[in-house]
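>>> please find the sequence and the predicted model below.
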Amino acid sequence: MSEAPDSVVDVAQTASSPSSRPGFLPVPGRPGAHPGVRDSDAGLDPSQLRVLALADGECAAVIGAPGSGKTAALVEFVVDRVHREGWGPSSILALAPTRSTATRLRDVLAARLDVPTPGPLARTVASLAFDVVGHAARVALSGPPTLLTGGEQDSIIRALLDGHVEEGTGPEWPEKLGPSVRALRGFRTELRELLMRATEHGVDADGLRRLGRQTDRPEWVAAADFSDEYHRVVDDLGSRALDAAELVDYAVAALDRGETAPVVDGLRVVVVDDAQEATESTLSLLRALVRRGVAVVAFGDPDLATNAFRGGSPDVLGRLAQRLGIEAVTTIHLESVHRHAPRVRALVSSITDRIGTAGAGRQHAARSDVADDPTVPPLWRIESDTPAHEIAAVGRALREHHLFSGVPWSRMLVVVRNGALVPSVARSLQVHEVPTRTPVAGRAVRDEYGARHLLLAASVATGRQELAADVVSELLSGPLAGFDALSLRRLRLAIRAEELAAGGTRSADALLVEALSGPGRFATIDSRFAARAGRFATSLDSARAEAVAGGSIEEVLWGLWERSGLARDWSEQSRGHGILAAEADRHLDGVVALFTAAKRFVERSPEADARSFLDQMLGADVPEDTLSPQALSDSVLVTTPSGAIGLEVDVVAVVRLQDGIWPNLRVRGGLLEPDGLVEAAQEAQEVLGSDGDTVTSVADSVDRRAGVLSDELRMFALATSRATRQVILSATVNDDEAPSMFLRLLPADLPAADVRPPLSLRGLVGHLRHAAVADPSATRRDEAASALARLATEEVAGASPDEWYGLLAPSTEEPLVDLTDPEARVAVSPSQIGSFEECPLHWFIDRFGGSAPSSAMGLGTVIHDAMEHAVDIDPVSLWASVEARWGELEFESAWMSEAERKRARTMTDALASYLRDFVQAQGELLGAESSFQVDVGQALLRGTVDRVEGRADGAVVIVDLKTGKSVPTVAEGATNPQLASYQLALAEGGLEAAPSDSARGGAKLLFVAKGTRGKPYSERWQEAFGDDDLDAFRQRVRGDAAGMADRVFLARVDDHCTGRFGGSCSIHVVGEVTQ
């Protein structure tokens, strides 16, 4: 559905809409009515009125710029035909591209017409096709069809691909599409797109196989073989399971046979909103309707197409006659923009002017008829030095609109380029007191917090998931049991103490596994946390009983949910304000989506067991398209460009406009080339319209990268054109991150916004606390202190020194590990000894979640894996091992991936050189990735050695591979604690790979990112330890273990505290925070 005033409904239907603009006359007595809802056509401009003047049976393309009133004209066209021409509501039908836009359009049409209708007046193409196919099935007395969701398709494809790898069967995929590539979600997505694209264009498996051979694309031949097996599996499901493309294909065939459904009988005209999103499936169904004498009036804007990667065609409107298989259509261009003032219109025009015309172009000339608002700058530019500061500045701007101008939160929109950014941006805005919501289908249901833990508990209850120690920990730490880290530790200590008192020796992990295996196991521990664990164990046991008794997955999940009490807790929490309320809203949305999916599964497959549903939900990476109810609180929607289709708001913020993120110029479909299939089929004259005419494509000879840039510009135009008052564009600018080229489309004289403190009490308190400590002016420090005192008397959080973290008493005095317990052990990692000795606080923060994995860490893992499994030691083989897993690594941009790829190739060459030298020296590999654990007092020294090598003289050498760029000095290598740990493990007999009577040859660090002395690699040696060296290191480990088990961790302030690549403890050494 298109944008307002083209749009059907605002982001929140309760928000009032502008009423003074031409063509936007809300229904009296209905505050918040959509701008497209009018009492009459008096507010339409002359170009919109031409739509109402179309003759009966006339096909037309209505093309307009963003905000020109396309959907408004569509609504009035329907009203005109029903109220003025006297048509029955069943004579006209509206189609929209998505379920959500169709739902909004349906509601507006129902309110505007205010007459009984035989069914919804707005549908998706899939909904219409489903009715047609379902009616044909009923007439033929066959089973009704079922629509395979994207998640269900993904699960089937994943199961087949995994089975092929396990059994060594399946199609012969090209070498570049090896098992590791086929295991990726991206591969499955492209495979689904390829199969659906083939169905849309009439290419069956034999045709796909033939095209693959003709064009030398073995991946298409393999996909054709896969298609045969996939359809056999789907046919065996016991119902007519069809994907969206197959459903439309069946519907077209039924219409051509004259098997019409009631929804099609008597149909005179179909109006299509957002026709630029139409795929070949949509066009094939429209062609079938046209052949039955139904007129088509399509509304849209080629400049706003976002569906190209799914086979959408931006040129649909410009070539509508050809795409419908008719001689001609009437083209109407809307001439005025009613949504935003000239400066916003100029920005949108500067974007769309850079896009190809796609068979149209006159819409670019549309001019705004809205007067400038002198109180609000229409364009706002934010450039910050960090992403956190960027989102803070955006949050302040949104709060200004809400607090100073009274703009409802629901009349503001935040757009990011990709779905991966949505959760983090939404959470960051909540921190700055901007309530947010996200699309419920933005992530797979299994990734939603509450749904994920319900699925895990149900997996345990049904026996799908073994109740192991890590599972127990996750269950108890989740919302169903409600344990935090401290209470879980107390539970572990209590159950372990009870075991020791009874003379037992089992670990706390084993005891908790046993306790959750049935009810009543916590009854002998007298504490509130044990009672809570007991209630959860009883609930889990009840779920087991329900599953054993044959209960449906819906019943198992509902029992777990109802007994948890979360419905009450989260509902109460969601009625509040702030971050906790928003989080509760999201948790409830995810749970509702899970129950919606469970209900659909039970209705479709009543005989299937609960495990089948769990396999499907936990195996699917694709979000489910759902219309399950969502929280309706007043909040800012954070979404991607496709989620902004059909919306109009006062303020739009397009954030994280970074080079490499937006535009993302990576060519889509690079593995299986679904777009290339369409082109190849057309060249072979295999794609025919239903009337027998070859359907041509305007993209046959267009450079793909230029096409991707046009798609990125279309999404950018869609995002910026949603606003009526202000567009905010924001980016991070520093030495590592560059702004997007799209920022250059702003006027050159538009300055970046000044950095200002957050517009909230929290922000004000923080600003004053900083000034009270760090301002160089004594007068301003005193003023800040006085202001804080005033705020403290009003009980504003954080204003009173009694609440400052640096002055608060510790939340606990308990050590991390109680060393008074002789059975207690402190896990010591060899790689962490040096970090702890350098700065205990830094070690603590990193050890307990204060740092995130980086792409460099992932690359190091891949290089290590290549060395471990190396069979041939030539550079080509080693690089092939790395390249096979390259798709597992994540990079923020294509250039970063390419740079790391070059660095990785250099490292594999260096590694191959080392391995060749090792073989020439007649060395023997005794062990790779050899694990060990050694008791050193109460320290459990545990780690993994990369290589255990035997020299020609029989001595054993420990090798630790390093992929970092920094190489320590020779002296630092000689005292390296990680190597010392490995030498101790060897001396204690902890390395099974090393012969017990072998001589010790020392240890070394192997650096493959930087060479020395004519070699592409570097080594740092540590001489073999004698008995005195080993004793000294044992004492060192004991001391470090005691420190790691302590309750106090000191910051040894140095470069690591404030450096760009360290700094996880920097907040603890800033004066205004700790003083």
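Done, it's in.
>>> specify the local secondary structure of Val414.
In terms of secondary structure, Val414 is strand; the call rests on DSSP: H, G, I helix; E, B strand; the rest coil.
>>> hang on, I meant Leu1005
With three-state DSSP as the basis, Leu1005 sits in strand.
>>> in what helix or strand does Leu940 lie?
strand 939-950 (DSSP states H and E).
>>> ok, now which ones touch Phe836?
Remark: with contacts taken as Cβ atoms under 8 Å, 6 or more residues apart in numbering, Phe836 is in contact with 843, 1040, 1043-1044. Using the backbone N, CA and C atoms, a C-beta is placed for each residue, glycine as well.
>>> where does the closest residue to Arg942 other than its chain neighbours fall, phi/psi-wise?
Counting by Cβ to Cβ, 6 or more residues apart in numbering, the nearest residue to Arg942 once its immediate chain neighbours are dropped is Gln933, at 4.1 Å. Recorded main-chain torsions at Gln933 are phi -150, psi 130, according to degrees, to the nearest 10.
>>> so where's the stretch 151-300 of the chain uncertain?
In the predicted model of the stretch 151-300 of the chain, residues 237-239 satisfy pLDDT under 70.
>>> for the stretch 601-750 of the chain, same thing?
Along the stretch 601-750 of the chain, the parts satisfying pLDDT under 70 run over 620-633, 668-669, 681-705.
>>> quickly note the distance from Ala870 to Gly643.
Applying Cβ to Cβ, to the nearest Å, the value for Ala870 to Gly643 is 46 Å.
>>> who's more crowded, these two?
A count of neighbours by other Cβ atoms under 10 Å puts Gly643 above the other of Ala870 and Gly643, at 23 against 18.
>>> my guess is that one meets Pro439, correct?
Yes - in this structure Gly643 lies within contact range of Pro439 using Cβ atoms under 8 Å: 5.2 Å.
>>> which residues are in contact with each of the two?
Among the neighbours of Gly643, those also in contact with Pro439 (Cβ under 8 Å, 6+ apart) are Leu637.
>>> what segments of the stretch 501-650 of the chain are helices?
Remark: helices of the stretch 501-650 of the chain, listed N- to C-terminal, are 508-515, 528-548, 553-564, 566-574, 579-604, 610-619; assignment by DSSP state H, counting those that start in this stretch.
>>> I'd like those as JSON lines, with distance to Ala457 and mean neighbour count appended.
Converted to JSON lines, the helices of the stretch 501-650 of the chain look like this (distance: least, Cβ to Cβ, whole Å; neighbours: other Cβ atoms under 10 Å):
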{"stretch": "helix 508-515", "distance to Ala457": "15", "mean neighbour count": "18"}
{"stretch": "helix 528-548", "distance to Ala457": "6", "mean neighbour count": "19"}
{"stretch": "helix 553-564", "distance to Ala457": "5", "mean neighbour count": "21"}
{"stretch": "helix 566-574", "distance to Ala457": "12", "mean neighbour count": "15"}
{"stretch": "helix 579-604", "distance to Ala457": "12", "mean neighbour count": "20"}
{"stretch": "helix 610-619", "distance to Ala457": "11", "mean neighbour count": "20"}
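>>> right, so of these, which gets closest to Gly950?
Nearest to Gly950 among the helices of the stretch 501-650 of the chain is helix 508-515 (36.7 Å), distances taken as Cβ to Cβ.
>>> quick one, the closest one and helix 528-548 angle?
Angle between the axes of helix 508-515 and helix 528-548 is 50 degrees (criterion: axes from the mean of the first three to the mean of the last three Cα atoms, to 10 degrees).
>>> now helix 508-515: how far from the chain's centre is it?
35 Å (Cα atoms, centre = their mean, to the nearest Å).
>>> which residues sit against it?
By Cβ under 8 Å, 6+ apart, the list of residues contacting helix 508-515 reads 467-469, 472-473, 476, 491-493, 495-496, 499, 521-522, 533, 537.
>>> quick one: which of those residues has the most company?
For the contacts of helix 508-515, neighbours were counted using other Cβ under 10 Å, and Ala533 has the most, 27 neighbours in all.
>>> mean confidence for stretch 787-807?
Per-region confidence: stretch 787-807 scores 85 on mean pLDDT.
>>> so for it, what gets flagged as buried?
Of the residues in stretch 787-807, those buried under the neighbour-count criterion (16 or more other Cβ atoms under 10 Å) are 787-788, 791-792, 796, 798-800.
>>> can those go into CSV with extra columns for secondary structure and distance to Ser405?
Formatted as CSV, the entries for those read as follows, by DSSP: H, G, I helix; E, B strand; the rest coil; distance: Cβ to Cβ, whole Å:
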residue, secondary structure, distance to Ser405
Ala787, helix, 26
Leu788, helix, 29
Leu791, helix, 25
Ala792, helix, 30
Val796, coil, 24
Gly798, coil, 27
Ala799, coil, 27
Ser800, coil, 32
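>>> what's the closest of those to Leu247?
Distance to Leu247 across the buried residues of stretch 787-807 (Cβ to Cβ) is lowest for Gly798, with 56.6 Å.
>>> I figured the closest one hits Gly763, correct?
No - proximity of Gly798 to Gly763 does not meet the contact threshold set by Cβ under 8 Å, at 10.3 Å.
>>> so, low pLDDT: which residues of the stretch 951-1075 of the chain?
1054-1075.
>>> what segments of it are strands?
956-962, 1000-1007, 1018-1022 (DSSP state E, counting those that start in this stretch).
>>> closest to Glu607 out of those strands?
Among the strands of the stretch 951-1075 of the chain, strand 956-962 sits nearest to Glu607 (Cβ to Cβ), with 53.2 Å.
>>> ok, Arg362 - contacts?
With contacts taken as Cβ under 8 Å, 6+ apart, Arg362 has the following neighbours: 63, 333.
>>> swap the cut-off to 6 Å and go again
Arg362 is in contact with His333, counting by Cβ atoms under 6 Å, 6 or more residues apart in numbering.
>>> just the pLDDT for it.
In the predicted model, Arg362 carries a pLDDT score of 77.
>>> which residues does the residue nearest to Asp917 when sequence neighbours are not counted bridge with?
Computed as Cβ to Cβ, 6+ apart, the closest residue to Asp917 that is not its neighbour in sequence is Lys1015, at 7.8 Å. Under the criterion DSSP bridges, Lys1015 forms beta bridges with Thr1012.
>>> tell me the one of the buried residues of stretch 787-807 nearest Gln214?
Of all the buried residues of stretch 787-807, Gly798 has the smallest distance to Gln214: 70.0 Å, by Cβ to Cβ.
>>> can you tell me the element the closest residue to that closest one other than its chain neighbours falls in?
Leaving aside its sequence neighbours, Gly798 sits nearest to Val765 (Cβ to Cβ, 6+ apart; 4.4 Å). The secondary structure element spanning Val765 is helix 761-774 (assigned by DSSP H and E).
>>> check which residues of that helix are buried.
Buried positions in helix 761-774, judged by neighbour count with 16+ other Cβ under 10 Å: 762-766, 768-773.
>>> repeat for stretch 772-787
772-773, 775, 784-785, 787.
>>> same thing with stretch 362-370?
For stretch 362-370, the buried set under the neighbour-count rule, 16+ other Cβ under 10 Å, comprises 363, 366, 368-370.
>>> how about Ala102: what's its closest non-neighbour residue?
That would be Ala96: by Cβ to Cβ, 6+ apart, it lies 3.9 Å from Ala102.
>>> and that neighbour, how far from Ala244?
As defined by Cβ to Cβ, Ala96 lies at a distance of 14 Å from Ala244.
>>> which one of these two has more residues nearby?
Ala96 (30 against 23).
>>> that one reaches Ala275, doesn't it?
No - proximity of Ala96 to Ala275 does not meet the contact threshold set by Cβ atoms under 6 Å, at 10.0 Å.
>>> just to revisit the earlier point, next one: the residue nearest to Asp917 from Glu900, what distance?
When distances are taken as Cβ to Cβ, Lys1015 and Glu900 turn out to be 23 Å apart.
>>> do Val425 as well
Distance of Val425 to Glu900, given as Cβ to Cβ: 25 Å.
>>> any idea of the mean pLDDT for the helix or strand Leu911 falls within?
Using DSSP H and E, Leu911 maps to helix 894-920. The average pLDDT for helix 894-920 rounds to 88.
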